[in-house]
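Student: could you look at this predicted model? Sequence included:
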Amino acid sequence: MEHYQDHDLGKNEIREQLELQLGEQLHALISASHALSVRTAGRFDPSIQPAAFHIIRWLYSYGPTSAAALAESTAMDRSSVSRLVKQLETLGYVNRENSPDDGRGVLLSLTELGHQMTIHALKEKENAFYERISNWNNDQLDAFITMLRKFNGFDQPHA
């Protein structure tokens, strides 16, 4: 019986070490992504805060939405979103229009200028990550995507 406990203890220690290594790698990825996001925000427009670029990036990815949904989706409070959106509107990057579904509701969306500048700014961020995988073969890249999808809770196969 003691042999099995020792064996399980060894397995637990190995698992714990692997999880610590995973944590280190995730931290490195998140830190690199954050640093790139800050640089990308500066490339987009040095006068805006990275949080404002986070709103731009969200609207670029998901399209028109209400301020309330934007606040919830970006984990920002509504007053911060309102202040940042007002700045982005003044700069000509975000448009505010009445919702076609609810005349009282307002939808926020990127202007053409905001859309084009986002594409330009994101190229730097994408290039930095694509450079890291440039020497991977397709099987390695596919395996990485599959594991990331599973880790992120998207267990369905990718297209």
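Tutor: Right, received. Where do you want to start? Numbers count the residues shown, from 1 in each chain.

Student: rest of the way, CA atoms for contacts and neighbours
Tutor: Noted.

Student: residue boundaries of the helices in the chain?
Tutor: Remark: helices assigned in the chain by DSSP state H are 2-44, 50-62, 67-74, 78-90, 112-132, 138-151.

Student: mean confidence score for the longest one?
Tutor: Right, helix 2-44. pLDDT averaged over helix 2-44 equals 85, rounded to a whole number.

Student: please name every helix or strand in contact with that helix.
Tutor: The elements that helix 2-44 packs onto, with contact taken as 3 or more C-alpha pairs under 8 Å, 6 or more residues apart in numbering; DSSP states H and E, are helix 50-62, helix 112-132.

Student: can you report how many residues neighbour residue 13?
Tutor: Residue 13 sits with 12 neighbouring residues when counted by other C-alpha atoms under 10 Å.

Student: quick check: it vs residue 24, distance?
Tutor: Going from residue 13 to residue 24 by C-alpha to C-alpha, to the nearest Å gives 17 Å.

Student: flag every buried residue along stretch 26-45.
Tutor: Going by neighbour count (16 or more other C-alpha atoms under 10 Å), the buried part of stretch 26-45 is 36, 37, 38, 39, 40, 41, 42, 43, 44, 45.
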